[in-house]
Structures are given as structure tokens and as C-alpha cells.
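Asks: Return a 3D structure for these sequence lines:
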Amino acid sequence: MGPPPLLQGGGIGRIPAVRKGLSNQRMRIVQDLVTALLLGVGEVQFPERMTSRRGCHYAAGCYMNYEASLGFWEVYDRQGTEAALKDLGLDVRSSPRGEESNEGDLVLYAEYPVVASELAAQKGGDKRPFSSGGGAEKKKKSFYFYEPRYCCTIVLPDSLESASFVAKANAALVAAKKTTRDADAALDAFRQRLPSGALACALHWRLDDDFVESDHHLDAATYVEKMKAAVDARVQRCGQALLLLGDIDRSKLAFIKDKLATTTSPASSSSPSSARRGGGNTSTSTLATPATPPLALYTKQSLLQHKNWSREYGGFDDLVGAVDFEVGIRSDVFFGSPFSSFSVLVANARGDFVSPAAEAGKKQTYMPDVDVEDKLAGLFRLQFPANRDDVVRDPCRAFVALGPKYAKRLQRRPSCPVQQDDWSLHFMSDSRFSVLFLVGGLCSVLLVCANLLFFLFVGANGPLRHRARKPTTKH
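Replies: Reported below is the predicted structural model:
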């Protein structure tokens, strides 16, 4: 059995560069690669250039100012990436120089999200139920799997195999050699400042304007509380030191330290020193313990002060951030922000699908239970499970359960079927049921009010039935 008819004869899957940051673009690339693996498409073609921002630093006023300005192989190492994808069964076709237009190209699937098992079923099938193409377009040898401008919720893995494809495709995108060298240098400098035996702990701090002052509406107080709790429980194993990842200059360090500084490190404690079992008296004494050192925070900028990071990376925020990405993957412990595509992809690349150290328990990843208003953390957990235990067998149902915004997307879309008959989920996905529910609820309220009024004024004990009568006397 071969691939679907459209793909027979050596089709090439083109992967676009969407107008997003590098982490979101990576999400789209990974899902295209996973789709190629599920469909049995053997060749893929990366974009010639990727988009990024210059000198924005995640400020609310400019974080959407992307430009197609980075060569794909400036971000990723060509030799390493092609070799890793070859191991997965994918060949990389060179991108024709200057061919970046998305107009008039065939798109295989017009509806998403798509559950992975539905794609896998098409590998040897005779039809593609979600196809938007047809006619003469079927003769084209190159195509996009999905609309080339769309990002980023497309494929939902629903098995260990498909989740493994996600993690392996993500790990196959090998960073450029300069990026990995700088990441190793920053992490080595951090380890030299740690006490003997301490773990190298990295934390991706994401209390930035583009999450707080945007439609995401991140609750800053909740974020700080959850992140602090995660750090407090483990910071002693980290030698009271954290390497902060993200766009953090020196002016932010004092603010972050104030938010994360632990308050659970007493200078002394009381413990029983002896217990006389025969006499029934127990004596205790206070044992002095060494004071816990204050929390120390570092960044790659503070560790390698001789480097001008912005200048070395052409002023591109995301390209500088790619160094942090590699530090996050390499650290012993990673604290992530679960609503951030950066953190989610780092956690995915550290998980037990691809990391023997994680499988052996030598790499720990902690993602505090905090989300933004549009439930990105919940969504990313479905798309990029880091470990085998994180895979959701019915991701469409979980997708709908994220809220009405997500349920509406599955209305009349067979690409992601909910595998059960929960009436409430169908209600959420159909506005007609929503109206009926509201009308029914209003009628119920009116009925209750009517019964109450009847009881008060007409019922057996109501004032209209038993009015007080003035006594009459005869003279």
C-alpha cells in the first residue's frame, strides 16, 4: 500500500515560515514534519527564510512586528538537522532561492485541528476526507500540508507513536553551531558558580508585556505565586541559584529576585535531642543550623559580560533567545512557563521520548499549574506532550473542554471527532443548543417565581386566603 493518490509519484511537502516568533514557527514546522511522517511523505522542503523581530524585547507595542529576515540555516544547523531527519525517514529538498510565495499552491488539509490517528489512517488509503484540493491541482508535485499562513494548532497526537513523532521531530531541529557553542559557554560558566553537588537549574521567566498586556491577559500575581512555589520546593537542590532564561537585562534581575526570594529558609530549627523512655520526661534543645544563603540569579548576559549578544546576533530577539532555548534543554532542572511556546518546546525536547536522562530521572522539568485567559497551557499540553504519561487518548474531547472558543472550532469539523456522546460537549460546540439552554433556563426561573408568588398570595397559608378580620360587636 502506498500513500494517497495525490502523494504518489514523489510528492514534496513544503513547510512555510509563518509570521510569528521562532518558537511558534518551530511549532508549525514540527507539526508539518509529523504530518509527513504520518502520511508517509518522504521529502520535505523548508522555507528559505524565517521571520523575527529586531530590538523589540517582547514589548506590547512591537511584539507583532515580524519580518522575513533570517536564513533558515542561520537558525538551524543544516548538516545536523538533515541527518536527524534522515534517521526519521525524511529527506530534505533544497529550497529554490527566492521561492517564498504561497499564492496558488495546493493545500492538502483545510480543517484543523486534525487528530493524528486520522492522518495515519490515510497513509495507505484511497482518499483524504479533509482535502481542499482537486482537479488539475492534483498534478502538482509540491504542496503544503496546511494553509501556509496558519499557526499553530494543527495536529493533536493521540497515541504513543504520534507523540513520539512530535518529540523526535522537535529534537531533530538542531540549533546552529554558534548557538550551541554560546549555550554551552553560558551553562559552563553557571556551573562554575554552583556549590559542589548542586544541580544546574534554569528558569524561563515569562512575565512580559506580550502576555500581561495583550489578549492573553496573564494574571501576574498568580504567575509569581505558582512559579515561586515551584522554586521554593526545589531551590536547595539547585544550590540556591537559578539561571534565568528569556529577554532579561540587569534592570529586571532585582525585580525577579524580589518575587522569587524564598521565605521558607529559617536560620534555626528545634529538634528533639534526647528522650528518656524510662522516666517519661522528654527534653529538647535548639540546634543551630547554618543560615540558608540568599537566592542568586544569573543570566547569560551576567555570566558572559564580555559578549554583546544583540550585536552578535544581528539585533534579532528570537535568535538571541535560541541560545536560552539550548541552555534550557541542557540544564539538569528546568522550570518552565506552560503557556509559552518556548517553554513547551524545551520541555518536549527534554522528555522521555527523546532523552535517556529524563527516562532515568536525571533530568527534571517543572511546569507550574498556571495558564492565560485563552488557555494556551492546556492547549500546548495536548499538542506537545513531553512524556509518555502526558499523552491524551481523546485529545478532541480535551480540546473541546478547554472552553467555548475551542469547542466552536470543532463545529461541523470531522477532522477531530470527539470520541463520546457527552451532551454537554455537543452543546458547547453548537450555538443553537446554547440559545435553547438559555431560553430553558429563563423559563425555569420564571416558573419558580410564579410558584413562589402563588404560594405567598393564593396558597393555603397565603395572606389573600386568610385575611385578618376585624372583630365585630353587637350593641
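Asks: what residues are up against the most centrally placed residue in the chain?
Replies: By CA atoms, centre = their mean, the mean C-alpha position of the chain lies nearest to residue 380, the distance being 3.6 Å. Applying CB atoms under 8 Å, 6 or more residues apart in numbering to residue 380 gives the contacts 338-339, 341, 344. (C-beta placed from N, C-alpha, C; glycine too.)
Asks: Same question for residue 38.
Replies: 116, 119-120, 122-123, 155, 162, 165.
Asks: where does it land in three-state SS?
Replies: Look at residue 38: counting by DSSP: H, G, I helix; E, B strand; the rest coil, its state is helix.
Asks: For the stretch 251-400 of the chain, just list every one of the strands.
Replies: 268-275, 282-288, 296-298, 333-335, 364-366 (DSSP state E, counting those that start in this stretch).
Asks: Could I get the buried residue list for the third one?
Replies: Residues of strand 296-298 classed as buried under the neighbour-count rule (16 or more other CB atoms under 10 Å) are 297-298.
Asks: What count of nearby residues applies to residue 13?
Replies: 22 (other CB atoms under 10 Å).
Asks: Just name whatever secondary elements the helix or strand that contains it is in contact with.
Replies: Assigned by DSSP states H and E, residue 13 belongs to strand 12-14. Judged by 3 or more CB pairs under 8 Å, 6 or more residues apart in numbering; DSSP states H and E, strand 12-14 is in contact with helix 22-39, strand 43-45, strand 142-146.
Asks: what comes into contact with the second one?
Replies: It stands for strand 43-45. Counting by CB under 8 Å, 6+ apart, residues outside strand 43-45 touching it are 10-15, 32-33, 36, 85, 90-95, 142.
Asks: Direction included, what does the next helix or strand along the chain from that strand pair up with?
Replies: Using DSSP H and E, the helix or strand that follows strand 43-45 in sequence is strand 49-52. Strand 49-52 pairs in its sheet with strand 67-71 (antiparallel), by DSSP bridges.
Asks: show me where pLDDT drops low in the stretch 201-350 of the chain?
Replies: 208-215, 262-292 (pLDDT under 70).
Asks: thinking again about what came up before, single out the most deeply packed of the helices and strands packed on strand 12-14.
Replies: helix 22-39 (a mean of 25; mean count of other CB atoms under 10 Å).
Asks: For the strand holding residue 13, what is the distance to the chain centroid?
Replies: The chain centroid and the centroid of strand 12-14 are separated by 26 Å under CA atoms, centre = their mean, to the nearest Å.
Asks: Check stretch 31-42 too.
Replies: With CA atoms, centre = their mean, you get 21 Å for stretch 31-42.
Asks: need the contact list for the nearest residue to residue 142 once chain neighbours are set aside.
Replies: Using CB to CB, 6 or more residues apart in numbering and skipping the chain neighbours, the partner closest in space to residue 142 is residue 12 (4.4 Å). Counting by CB under 8 Å, 6+ apart, residue 12 touches 41, 43-45, 93, 141-143.
Asks: Using a markdown table, please lay out the residues you listed together with pLDDT and distance to residue 350.
Replies: As requested, the contacts of residue 12 are exported to a markdown table (pLDDT from 0 to 100; distance: CB to CB, whole Å):
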| residue | pLDDT | distance to residue 350 |
| --- | --- | --- |
| 41 | 92 | 28 |
| 43 | 94 | 29 |
| 44 | 95 | 25 |
| 45 | 95 | 29 |
| 93 | 92 | 30 |
| 141 | 76 | 37 |
| 142 | 87 | 34 |
| 143 | 91 | 33 |
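Asks: Mind putting these into CSV with distance to residue 297?
Replies: Listed next are those as CSV, based on distance: CB to CB, whole Å:
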residue, distance to residue 297
41, 46
43, 46
44, 41
45, 43
93, 45
141, 53
142, 48
143, 48
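Asks: which one among those residues gets closest to residue 252?
Replies: Using CB to CB, residue 44 comes nearest to residue 252 of these, at 39.0 Å.
Asks: what is the closest residue to that closest one other than its chain neighbours paired to in the beta sheet?
Replies: The shortest distance from residue 44 to any non-neighbouring residue, by CB to CB, 6+ apart, is to residue 13 (4.7 Å). Counting by DSSP bridges, residue 13 forms beta bridges with residue 44, residue 143.
Asks: residues in contact with residue 13?
Replies: The contact partners of residue 13, taken as CB under 8 Å, 6+ apart, are 32, 35-36, 41, 43-45, 142-145.
Asks: cool, and residue 190?
Replies: 200, 241, 243, 298, 303.
Asks: By neighbour count, which of the residues you listed wins?
Replies: Counting by other CB under 10 Å, top hit in the contacts of residue 190: residue 243 with 29 neighbours.
Asks: Using the three-state scheme, assign that one.
Replies: Classification of residue 243 using three-state DSSP returns strand.
Asks: wait, what's in contact with it?
Replies: Applying CB under 8 Å, 6+ apart, the residues contacting residue 243 are 186-187, 190, 200-203, 298-300, 303, 327, 331.
Asks: cool, and residue 316?
Replies: Residues near residue 316 by CB under 8 Å, 6+ apart: 52-54, 69-70.
Asks: re earlier: take the contacts of residue 380 and lay them out in CSV including neighbour count and distance to residue 235.
Replies: Converted to CSV, these look like this (neighbours: other CB atoms under 10 Å; distance: CB to CB, whole Å):
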residue, neighbour count, distance to residue 235
338, 22, 19
339, 24, 22
341, 22, 26
344, 27, 23
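Asks: can you put those residues in a markdown table and add distance to residue 407?
Replies: Listed next are these as a markdown table, based on distance: CB to CB, whole Å:
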| residue | distance to residue 407 |
| --- | --- |
| 338 | 21 |
| 339 | 20 |
| 341 | 23 |
| 344 | 22 |
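Asks: quick one: low-confidence parts of the stretch 351-475 of the chain?
Replies: 358-360, 412-414, 419-441, 443-445, 448-450, 452-475.
Asks: and if we set it to 50?
Replies: The stretch 351-475 of the chain contains residues with pLDDT under 50 at 421-437, 464-475.
Asks: ok, which stretches of it are helices?
Replies: For the stretch 351-475 of the chain, applying DSSP state H, counting those that start in this stretch gives helices covering 356-359, 376-383, 395-401, 404-409, 423-429, 431-457.
Asks: pLDDT on stretch 156-165, on average?
Replies: For stretch 156-165, the mean pLDDT works out to 96.
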